[in-house]
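Student: A predicted structure for the sequence below; I have some questions about it.
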Amino acid sequence: MISEDLVIKDLHVSVEGQKILNGIDLTIRKGEVSALMGPNGSGKSTLAYTLMGHPKYTVNSGEVWFKGKNVLELGPDERAKLGLFLSFQYPQEIPGVSVSNFLRTALNAVKSQPMPIPEFVKLLKEKMRLLKVDDKFARRYLNEGFSGGEKKKAEILQMAVLQPEMAILDETDSGLDIDSLRIVAEGVNNLLNPGMGVLVITHYQRLLNYIKPDKVHVMIKGRIVRSGGKELAHELESMGYEKMVKEADVRA
């Protein structure tokens, strides 16, 4: 039977000759929210970019299975067509390209058949209403002059339109004030469904006050050192990462 979960097996990754991931074993299940926490430099974003096929990251060994395929053998576009999605920590500005045109191009790139314009407009308006996004937003150039919160809204709107089966949210809370954080988190919660798995990457427990995880994993120095329920995030909030870093040093 082909698993519908995203299964990472003994993944080792280097960047410019420096080893970052040191044997990651992790399963992201459909219909669940998994949180990946850890201090700066622990390898969280490296994992996200590796899963989507960024050429900067060299896979030394390991496998990543989704829907019967080792996605490490696929190009980034093929991974997107398979149903993987990455929300960037620092979305790029694209002057001259409207949010609407960008989303239509992205959607047609992952679908087997281009979506007719009237059908796309209907879909976009539906998702914008769901996420409480103003209609004018779609006519603006992508991320040009956007606030931090608006950039993250654009990422979540893209997720809503593409309807991925596995979504990786790389530090969606980065740079957001508390009001923007709440709005973006509500948008994510509105998109959760049994047919989608979500990996939320974050430093802080505060995001998890809004997006409730089913499982929490802690990454230290390129390894998963602890896994548990949402109570693990609260434990980290109270004690910090220092103790886990020391424990990881002892085991290394």
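Tutor: It's in.

Student: where does the protein dip in pLDDT?
Tutor: 1-2, 247-252 (pLDDT under 70).

Student: which one is residue 181 nearest to, not counting chain neighbours?
Tutor: Of all residues not flanking residue 181 in the chain, residue 173 sits nearest, at 5.5 Å (CB to CB, 6 or more residues apart in numbering). Glycine gets a C-beta too; all of them are placed from N, C-alpha and C.

Student: From residue 110, how far off is the one you found?
Tutor: As for residue 173, its distance to residue 110 is 26 Å (criterion: CB to CB, to the nearest Å).

Student: When those two are compared, which one has more neighbours?
Tutor: For residue 173 versus residue 110, neighbours defined as other CB atoms under 10 Å are more numerous around residue 173 (24 against 18).

Student: Now do the contacts for the more buried one.
Tutor: Residue 173 makes contacts with 181, 184-185, 202, 204, 206-207, as judged by CB atoms under 8 Å, 6 or more residues apart in numbering.

Student: which residue ranges form the helices in the stretch 101-250 of the chain?
Tutor: Counting by DSSP state H, counting those that start in this stretch, the stretch 101-250 of the chain has helices at residues 117-130, 148-162, 178-191, 231-239, 242-251.

Student: Among the ones you listed, which comes closest to residue 27?
Tutor: Closest to residue 27 of those, according to CB to CB: helix 231-239, at 16.4 Å.

Student: Buried residues, that closest one. List them.
Tutor: Going by neighbour count (16 or more other CB atoms under 10 Å), the buried part of helix 231-239 is 232-233, 235-236.

Student: before we move on, what about stretch 89-104?
Tutor: So for stretch 89-104, counting by 16+ other CB under 10 Å, buried means 89, 91, 98-100, 102-104.

Student: returning to that earlier point: any chance of the helices of the stretch 101-250 of the chain in CSV, with distance to residue 211 too?
Tutor: Shown next, in CSV, are the helices of the stretch 101-250 of the chain (distance: least, CB to CB, whole Å):
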stretch, distance to residue 211
helix 117-130, 16
helix 148-162, 11
helix 178-191, 5
helix 231-239, 11
helix 242-251, 22
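
Student: Among those helices, show me which one is buried the most.
Tutor: Mean neighbours per residue, mean count of other CB atoms under 10 Å, is largest over the helices of the stretch 101-250 of the chain for helix 148-162, with a mean of 21.

Student: now for it, which elements pack on it?
Tutor: Applying 3 or more CB pairs under 8 Å, 6 or more residues apart in numbering; DSSP states H and E, one finds that helix 148-162 contacts strand 84-87, helix 99-110, helix 117-130, helix 178-191.

Student: Could you give the separation of that helix from the chain centroid?
Tutor: Its chain's C-alpha centre and that of helix 148-162 lie 12 Å apart, by CA atoms, centre = their mean, to the nearest Å.

Student: and what of stretch 32-49?
Tutor: 9 Å.

Student: got the buried residues of helix 231-239 as a markdown table, with distance to residue 226 columns?
Tutor: Output for those, formatted as a markdown table (distance: CB to CB, whole Å):
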| residue | distance to residue 226 |
| --- | --- |
| 232 | 6 |
| 233 | 11 |
| 235 | 9 |
| 236 | 9 |
